[in-house]
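In: Below: sequence and its predicted model.
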Amino acid sequence: VQLQAYGGGLVQAGGSLRLSCAASGSGVSINDMGWYRQGPGGQRELVAIINRGGIIKYGDSVKGRLTISRDGAKLRVFLQMNSLIPEDTGIYYCYAPNVVNLATARISDYWGQGTLVTVSS
């Protein structure tokens, strides 16, 4: 499974960005997809995650400002980021946990390469 994330960039505080992540792979079942971020302090934290049924979990620091969504084919996930603040600066990683290999039943987690978001004050 490969996760390709894009859409990061430099934006002023109060601005918006939209991140996208596309999953590709065969012979697997992908249920959950989401985003983590790693700030300048180095700690990786949950931003948001959504499952096939549309159930969403947000990290406490982003509730109300960032919105996760998923397309009808369930293999693309989006993160709409509004009212950005400097504390949102970081590398945003697309994440797909608990991916099932349909042939072996093996369960694996996958990470994308990360996309940098910089919010200037």
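Out: Okay, I see it.
In: Dump the top strand by length along the chain to CSV, keeping only the CA atoms.
Out: Ranked by residue count under DSSP state E, the longest strand found in the chain is strand 90-101. The C-alpha coordinates for strand 90-101 follow below in CSV (Å, rounded to 0.1, in the frame of the first residue of the first chain):
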residue,chain,number,x,y,z
GLY,A,90,4.3,20.7,11.1
ILE,A,91,4.7,17.8,8.8
TYR,A,92,1.4,16.1,8.1
TYR,A,93,1.4,12.4,7.6
CYS,A,94,-1.3,10.4,5.9
TYR,A,95,-1.9,7.2,7.8
ALA,A,96,-3.8,4.0,7.2
PRO,A,97,-3.9,1.6,10.2
ASN,A,98,-5.1,-1.9,10.3
VAL,A,99,-4.9,-2.6,6.6
VAL,A,100,-5.8,-6.2,6.0
ASN,A,101,-3.9,-8.3,3.4
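In: Report the strands that pair with it, each with its relative direction.
Out: strand 28-29 (antiparallel), strand 33-38 (antiparallel), strand 107-111 (antiparallel), strand 115-120 (antiparallel) (DSSP bridges).
In: Of all the residues in it, which ones are buried?
Out: Under the neighbour-count criterion of 16 or more other C-beta atoms under 10 Å, strand 90-101 has 90, 91, 92, 93, 94, 95, 96, 97, 99 buried. Every C-beta, even on glycine, is put in place using the N, C-alpha and C of the backbone.
In: Also stretch 108-121?
Out: 110, 112, 114, 115, 117, 119.
In: Pull the contacting residues for the first one.
Out: Pointing back at residue 110 there. Applying C-beta atoms under 8 Å, 6 or more residues apart in numbering to residue 110 gives the contacts 1, 2, 3, 23, 95, 96, 97, 99.
In: Which pair in those residues has the greatest spatial separation?
Out: 2 and 97 (15.2 Å; C-beta to C-beta).
In: Many thanks, have a good one.
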